[in-house]
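**Q** have a look at this fold, sequence not included:
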């Protein structure tokens, strides 16, 4: 478990790159919000405010941990053993099975995937 956690939290590049990625993500989000208001006459209402707070936090989580908790699971537990013997093939197999594993979420009411177009969910 300790080795797995060490691999998940291993800093592979200088911390300034992590800071840049986080700042760039927040700037991209804020830029999209400004464009939404300026070009499309969008209105900031209380129902969109949680997204303004949650999106940067979610992006920070993705940058630090590599996605939800699925990434560390398959990357840290499922993938290493097959990669020792078969190189890139296991990663390709896992990547192609990802959309199939998430497909049921498109049909479950109340999930974020259910509100998205099917093609975007499979992307």
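**A** Perfect, I can see it now. Predicted, not measured: the structure shown is a model, and the values here were computed from it. Numbers count the residues shown, from 1 in each chain.
**Q** low-confidence regions, the chain specifically.
**A** 4, 7-10, 44-55, 59, 63-77, 87-88, 90-91, 94-95, 98, 119-123 (pLDDT under 70).
**Q** all helices for it, in order.
**A** Here the chain has its helices, by DSSP state H, at 2-8, 15-40, 49-65, 70-73, 80-86, 89-106, 112-115, 118-122.
**Q** for residue 13, what are phi and psi?
**A** Geometry field for residue 13 lists phi and psi as phi -130, psi 170, criterion degrees, to the nearest 10.
**Q** and it, how many neighbours?
**A** 9 (other C-beta atoms under 10 Å). For every residue, glycine as well, the C-beta is placed using N, CA and C.
**Q** do you know how far it is from residue 102?
**A** In this view, residue 13 and residue 102 are 29 Å apart by C-beta to C-beta, to the nearest Å.
**Q** equivalent analysis for residue 115, please.
**A** Between residue 115 and residue 102 the computed distance is 14 Å (C-beta to C-beta).
**Q** same check, this time on residue 16
**A** 33 Å.
**Q** what about these two, which has more around it?
**A** Taking other C-beta under 10 Å, residue 16 and residue 102 do not tie; residue 102 has more neighbours (14 against 8).
**Q** the more buried one contacts residue 112, doesn't it?
**A** No. Counting by C-beta atoms under 8 Å, no contact exists between residue 102 and residue 112, whose distance comes to 10.7 Å.
**Q** for residue 110, give me phi and psi.
**A** Dihedral angles (degrees, to the nearest 10) for residue 110: phi 100, psi -10.
**Q** make residue 1 into 22 and carry on from there
**A** All set: I'll call the first residue 22, so the last point we hit is now residue 131.
**Q** residues near it, how many?
**A** Residue 131: 6 surrounding residues under other C-beta under 10 Å.
**Q** list the residues that contact it.
**A** By C-beta atoms under 8 Å, 6 or more residues apart in numbering, no residues touch residue 131.
**Q** stretch 50-61: which residues count as buried?
**A** 50, 54 (16 or more other C-beta atoms under 10 Å).
**Q** sorry, wrong one. I was asking about stretch 128-140.
**A** Neighbour counts using 16+ other C-beta under 10 Å place residue 134 of stretch 128-140 among the buried residues.
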